[in-house]
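J.: when you get a sec, could you give me coordinates for this:
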Amino acid sequence: MTMGCGSGQPAVAGGSARHIPVLAPQALEFLQVRDGGVYVDGTFGAGGYARAILGAAHARVIGIDRDQTAIARGTGLVEASAGRLTLVEDKFSKLDTVAKESGFSAVDGVVLDLGVSSMQLDEAGRGFSFRLDGPLDMRMSKAGPTAADVVAAASEHDLADIIFILGEERHSRAVARAIVAARREVPIRTTGALADIVARVVRARPGDIHPATRTFQALRIFVNDELGELTAGLAAAERALKPGGRLVVVSFHSLEDRIVKNFLSERSRTPAGSRHRPEVAAAAPTFRILTRRPVVADEAEIAKNPRARSAKLRAAERTEATARPEAPLAPLGLPSLTDIVRGR
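T.: Numbers count the residues shown, from 1 in each chain. Model prediction:
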């Protein structure tokens, strides 16, 4: 979202202006962007949220993305911001460290827009989309094993679990069998090849999503460890935010939303004490929830941007309590990416 001079807010041009972030007005409202504030856009992407924050007040933004292409494309916005935007190529799970290295021991707000960006989907060479045939890659950082590596090395059982748990695909076993049978004949190296294999066993009715949608989603989440990254990123935000600072998270997947919901629920209440260790003081709540129910897009926004249909926004305000120790992601029963590629 870009605000012009007539809005009474600082106008910031530069970069990709065509990208409009989902639920942007609501995110800005919860962030309470103010002059002099420092905000972290942990998923910079096409710069939509960063541009909106810069346009809303004379604030500073630290934009983080592990995709070097996104960082490179943000150069124009950096120049237009006159020193108010800093871009860092890194994972948002390290956002507290990135903020400190940028000169800020605490920040006023953190916004996370989870999942894959429209830029990544629109580039056939990145391998995120079945709409455009390209190499079966899916890596956000362009480092480490690809989706093709997983498809080639994972057992039928592991493939079925990945696709079922992370893609919520009820035909996961049939998809896994089809993939294993196909790769015996020829390696599966392109998005088109994989989409065709899935489409032969998952039948879609008119108006349904593409048959390969859930399988592609599952592989992308697995290759990029997106759920582990989210779990660590929420803890990093807790450490980085100053008292009164705001956390806003927009998710598009039920597993992501569940992680955010559970984190904020757990961090907003005082843990029950133990009768075995009554001398241990209970940890004080570190967040105050601002959205008892997730905020969703209205029909007007969905009409303009179909991606908004599955979006859920949750927000919370940081208290003065000391950040709690980071809790690991609850086990999902999946093998590690390293184990699969090494041929466990």
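J.: list phi and psi for the closest residue to Asp225 other than its chain neighbours.
T.: Excluding its sequence neighbours, the residue lying closest to Asp225 (CB to CB, 6 or more residues apart in numbering) is Leu337, at 6.9 Å. To be clear about C-beta, it is placed using only N, CA and C from the backbone, and glycine gets the same treatment. Leu337 has phi and psi values of phi -60, psi -40 when expressed as degrees, to the nearest 10.
J.: so who does Leu337 touch?
T.: Leu337 makes contact with Gly144, Pro145, Val150, Phe222, Val223, Asp225 under the criterion CB atoms under 8 Å, 6 or more residues apart in numbering.
J.: state the distance from the second one to Asp339.
T.: Applying CB to CB, to the nearest Å, one obtains 11 Å for the distance of Pro145 from Asp339.
J.: cool, the last one as well?
T.: Distance of Asp225 to Asp339, computed by CB to CB: 13 Å.
J.: who has more neighbours, those two?
T.: Of the pair Asp225 and Asp339, Asp225 is the one with more neighbours under other CB atoms under 10 Å, namely 18 against 13.
J.: look up the pLDDT of the more buried one for me, please.
T.: Predicted confidence (pLDDT) for Asp225: 94.
J.: one more: Gly343?
T.: Predicted confidence (pLDDT) for Gly343: 70.
J.: and the pLDDT at the residue nearest the centre of the chain?
T.: The centre of the chain sits closest to Leu114, judged by CA atoms, centre = their mean, with a distance of 2.0 Å. Leu114 is assigned 94 on the pLDDT scale.
J.: isn't it up against Ser251?
T.: Yes: Leu114 is within contact range of Ser251, at 4.8 Å (criterion: CB atoms under 8 Å).
J.: did I read that right, Arg220 in a helix?
T.: Yes: judged by DSSP: H, G, I helix; E, B strand; the rest coil, Arg220 forms part of a helix.
J.: for burial, what's the neighbour tally of it?
T.: 23.
J.: what is the burial count for the residue lying closest to it once chain neighbours are set aside?
T.: Closest residue to Arg220 apart from its sequence neighbours, by CB to CB, 6+ apart: Met138 at 4.7 Å. Neighbours of Met138 under the rule other CB under 10 Å: 24.
J.: confirm that Met138 sits in a helix.
T.: No: counting by three-state DSSP, Met138 is not found in a helix; it is coil.
J.: from here on, count from 263
T.: In the new numbering, first residue 263, that becomes Met400.
J.: so how far is Val373 from it?
T.: Counting by CB to CB, the gap from Met400 to Val373 is 24 Å.
J.: over to Gly454?
T.: For Gly454, the distance to Val373 - CB to CB - is 35 Å.
J.: same drill for these two, tell me which one is more crowded.
T.: Between Gly454 and Val373, Val373 has the larger neighbour count (other CB under 10 Å), namely 29 against 17.
J.: who are the packing partners of the helix or strand harbouring the more buried one?
T.: Taking DSSP states H and E as the definition, Val373 sits inside strand 369-375. Packing partners of strand 369-375 (3 or more CB pairs under 8 Å, 6 or more residues apart in numbering; DSSP states H and E): helix 286-293, strand 300-303, helix 310-318, helix 488-502, strand 503-513.
J.: which strand residues bridge Val512?
T.: Applying DSSP bridges to Val512 gives these bridge partners: Asp375, Leu575.
J.: residues near it, how many?
T.: Neighbour tally, Val512, other CB under 10 Å: 29.
J.: identify the residues contacting it.
T.: Contact analysis of Val512 by CB under 8 Å, 6+ apart lists Pro283, Val284, Leu285, Ala289, Val373, Leu374, Asp375, Leu376, Ala573, Lys574, Leu575.
J.: from the residues you listed, which single one is nearest Ala342?
T.: The nearest member of the contacts of Val512 to Ala342, counting by CB to CB, is Pro283 at 17.4 Å.
J.: tell me the domain ranges of the protein?
T.: Domains of the chain are assigned by automatic domain parsing as 267-380+489-580, 404-485.
J.: of these, which shows the lowest average pLDDT?
T.: Among these, domain 267-380+489-580 scores lowest, with a mean of 89.
J.: for the contacts of Val512, give me JSON lines that also has distance to Ala559.
T.: Shown next, in JSON lines, are those (distance: CB to CB, whole Å):
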{"residue": "Pro283", "distance to Ala559": "11"}
{"residue": "Val284", "distance to Ala559": "7"}
{"residue": "Leu285", "distance to Ala559": "6"}
{"residue": "Ala289", "distance to Ala559": "12"}
{"residue": "Val373", "distance to Ala559": "16"}
{"residue": "Leu374", "distance to Ala559": "17"}
{"residue": "Asp375", "distance to Ala559": "13"}
{"residue": "Leu376", "distance to Ala559": "15"}
{"residue": "Ala573", "distance to Ala559": "6"}
{"residue": "Lys574", "distance to Ala559": "9"}
{"residue": "Leu575", "distance to Ala559": "9"}
